[in-house]
Structure formats: structure tokens, C-alpha cells
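Trainee: what shape does this take:
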Amino acid sequence: MVLAGIGVAGLAACGQRADSGAGAHNSVGAVQGRATTTVPTTSDAGGSSVGGSSVGGPRGTFPHLLPDGNGRAPVFSHGRRDEPLVALTFDSNLTDYMIRELDRGTVRSFANTTVIDVLDRYQVPATMFLSGKWVERYPQVTMRLATDPLFELGSHSYAHVGFAPRCYGLGLLPPSEMAPDVLASFQVLARFTAHPTPYFRFPGGCYTNQALAAVEPTGVTVIEYDLPSGDAFSHSVPAIVQTTLSHVQDGSVVVLHLTGGNTAPLTADALPAIVTGLRARGFELVRVSELIARSQRVPPGGSRAVSQAPQPAVTDHPAAG
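Mentor: Sure thing, here's the model as predicted:
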């Protein structure tokens, strides 16, 4: 079975740390070019392979559309522009470079549980995109997220290696390894929840037509965004809040981060003002699944056409997060 999604391309989320090689989400610390990673095999994780069952829950559990007809996974980056809904999304990453920082004691943790505390305190529904290596490093935090009814979980790849060239120093995963990486991340998630979403966000938000074609057999819905909060590597809470509140629109998908540490240290501090500011402006905060479902809803007295995202050139990456 294939679960898919809808939408349009996203925007750049954040920059690159020149001192460490860490990208917008974080980096493998390698020079740009071919990068490889070892991912759990199907027999290791007990999951399905490409060509078998797809990722995510049963068909109908989460809103979806079929692929674009050209053999590419569809992309969703914002909802309807005539309904005051906003989806807050949070990415976690853990690359080999970051693991070395943890092992050296340079960084205490890349799991910002205070973000979760704030979301619970303000009762904010949210969608979490978790990388497989992060899930393996932080199983207790993952279980907390999986059992919290406010949240839904999606994939942010297994190893957070780039799926497109020139993506914030993340390296480049060969196309033949893209689908196995995606499936590995969902196999890891399946240890914590029987109903992960079929939603996937590319590392760095970067993708190409080739990458969309490579992951299409897995059945994922690619989730991008139209509003980068700027929390990655930010040193200013007011700047994060201002960026978010001044650029939000009906249907926006906002990207923030769960990693904390030296990659997004101020996200939890900015969240209360973001949440109260959005609600004061009349926005309803929803999960991505609800945003997609309500984007597909047919308005009274007419039909609604749901457009696919414009597809990038193979050598370009129009979205980065």
C-alpha cells in the first residue's frame, strides 16, 4: 500500500556553522560529496523492504494523496491560505559528527526535553520528525513523545546525510541508499509506536527530482515547510519569535528543532511567545495530519483542486531546514 501527501515546495530554514561543519539541522562533519552510512537491515529491524508494505500506519489512518504520476513522492509544505491553521513541526538530528561531540563531552545532550515540557504546558499539538540515530540515542525521550497524545511522529531520515548536493555540508547519500535509509528510520520508530505517520522530511530540507523518485517506493509523504523559524544556531529569542510571528500565514508549516545543545539552544525559550502570539492572532495550532486533511476538504458549493509541489531541478535543492 502507498500513503502519500500533497503540497508545494518549502523555503530555506537556517544556515551553516563554519566552525564545526554542522549544517542547518546538523552535519556529518564531512566535506561535500559522497557520504555513506550503515543502516539497520530489514532483518535487523523487522520492517518491510522497498516493494513490500510501505511505511506508516494502515491506509486511511493518515490523510494522503497518491504520488504525482511521474514516479515521484508528493510534497506538502503548507495548507490552505483561507483558513487560520498553523502546524508547528520539530526536527531532531543526530549525525556521526554530533555523536562524537557527545562522546567527547563537548555537548551534554542533543535532546531538548524542555521543548516538550513547554508544548505540554501550553497543550500544543505538534508533529515531530525524528532521525533514526537520534531515536536510538534517546529511547526514553522518544517513548515520551510516542505516548503523548499531543504529538505525532514522522521520519527525518536515519543518519541525516544529505539527499541532495550542496546541502549545508551534509554530504550526499547515493540514490540507491535513499529508500533503505528512509525505511530504516521507520523501522526504528516502529519500536516505539505501532502507528507512526507516513511523513518524511529530508535532511536539511534539501531534495531533488532524483531524491523524490528514489523515496517514492517507500510510500512516504514528503513534508516541507513555508516558515523557517530561524531557531537553528540562533543567539536571540526575540529574533526567533519575530521571524515566526511576522511571516506566518494561514496554513503555514513552521519548522523548529528538538536538538538543543549547540545547534538550537533557544527553541524552548522562544516557544511560549510564539505559541501565545499565534493564538492571539487567531491561529489554531494543529498537527500536520490535520492540516493536510483540512487542506483536502472541499469547500461548500464547489470543488477543490489540490496541487502538487513544483518539482526541483535535479541539481537544485529549493528547500533547506
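Trainee: in this protein, where is pLDDT below threshold?
Mentor: Applying pLDDT under 70 to the chain picks out residues 1-60, 65-66, 298-321.
Trainee: quick one: the strands in the stretch 51-200 of the chain?
Mentor: 75-76, 85-91, 126-130, 151-155, 199-200 (DSSP state E, counting those that start in this stretch).
Trainee: so of those, which one's packed in deepest?
Mentor: strand 75-76 (a mean of 28; mean count of other CB atoms under 10 Å). All C-beta atoms are positioned from the backbone trio N, CA, C, and that covers glycine.
Trainee: pull up the pairing partners for that one, direction included.
Mentor: strand 221-223 (parallel) (DSSP bridges).
Trainee: how distant is the strand it pairs with from the center of its chain?
Mentor: When C-alpha coordinates are averaged (CA atoms, centre = their mean, to the nearest Å), strand 221-223 and its chain have centres 8 Å apart.
Trainee: Pro238: which of the strands of the stretch 51-200 of the chain is closest?
Mentor: Taking CB to CB, strand 85-91 is the member of these nearest to Pro238, at 18.4 Å.
Trainee: just the C-alpha atoms of that closest one, please, in PDB.
Mentor: In PDB, the C-alpha atoms belonging to strand 85-91 read as follows (Å, rounded to 0.1, in the frame of the first residue of the first chain):
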ATOM      1  CA  LEU A  85      -4.400  27.000  10.800                       C
ATOM      2  CA  VAL A  86      -0.700  26.600  11.700                       C
ATOM      3  CA  ALA A  87       1.300  23.400  12.200                       C
ATOM      4  CA  LEU A  88       4.400  23.600  14.400                       C
ATOM      5  CA  THR A  89       6.900  20.900  13.500                       C
ATOM      6  CA  PHE A  90      10.100  19.900  15.300                       C
ATOM      7  CA  ASP A  91      13.100  18.200  13.800                       C
END
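Trainee: what about the closest residue to His247 other than its chain neighbours, how many neighbours?
Mentor: Nearest non-adjacent residue to His247, counting by CB to CB, 6 or more residues apart in numbering: Leu227, 5.5 Å away. Leu227 is flanked by 26 other residues according to other CB atoms under 10 Å.
Trainee: who's in contact with Leu227?
Mentor: Leu227 makes contact with 11, 244, 247-249, 252-255 under the criterion CB atoms under 8 Å, 6 or more residues apart in numbering.
Trainee: with Arg144 instead?
Mentor: By CB under 8 Å, 6+ apart, the contact set of Arg144 is 113, 116.
Trainee: kindly recompute the last result at 10 Å.
Mentor: 111, 113, 116, 120, 138, 151, 192 (CB atoms under 10 Å, 6 or more residues apart in numbering).
Trainee: return a ChimeraX selection command for the buried portion of those residues.
Mentor: Only the buried entries of those go into this ChimeraX selection, using 16 or more other CB atoms under 10 Å:
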select :111,113,116,138,151,192
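Trainee: dump the contacts of Arg144 to CSV, plus distance to Arg297.
Mentor: Shown next, in CSV, are the contacts of Arg144 (distance: CB to CB, whole Å):
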residue, distance to Arg297
Ala111, 36
Thr113, 35
Ile116, 30
Asp120, 29
Tyr138, 36
Phe151, 23
Phe192, 31
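Trainee: any idea how far the residue nearest to His247 lies from Pro175?
Mentor: Distance of Leu227 to Pro175, given as CB to CB, to the nearest Å: 29 Å.
Trainee: try Phe186
Mentor: Distance of Phe186 to Pro175, given as CB to CB: 19 Å.
Trainee: quick one on the thing from earlier: could you pick out the buried ones from the contacts of Leu227?
Mentor: Buried, going by 16+ other CB under 10 Å: 11, 244, 248, 252-255, out of these.
Trainee: from those residues, pick the one nearest Gly204.
Mentor: Relative to Gly204, the closest of the buried ones among the contacts of Leu227 is Val255; by CB to CB it sits at 11.0 Å.
Trainee: returning to that earlier point: now the residue nearest to His247. Its backbone dihedrals?
Mentor: Here is the backbone geometry of Leu227 (degrees, to the nearest 10): phi -140, psi 90.
Trainee: so it bridges to which residues?
Mentor: In this entry, Leu227 is beta-bridged to Val254, by DSSP bridges.
Trainee: which of Phe186 and Pro175 has more neighbours?
Mentor: Between Phe186 and Pro175, Phe186 has the larger neighbour count (other CB under 10 Å), namely 26 against 14.
Trainee: so that one sits against Phe200, correct?
Mentor: Yes. Taking CB atoms under 10 Å as the definition, Phe186 is a contact partner of Phe200 at 8.3 Å.
Trainee: for the closest residue to Leu278 other than its chain neighbours, give its distance to Arg72.
Mentor: Among residues not flanking Leu278 along the chain, Val86 sits closest, at 5.7 Å (CB to CB, 6+ apart). As for Val86, its distance to Arg72 is 27 Å (criterion: CB to CB).
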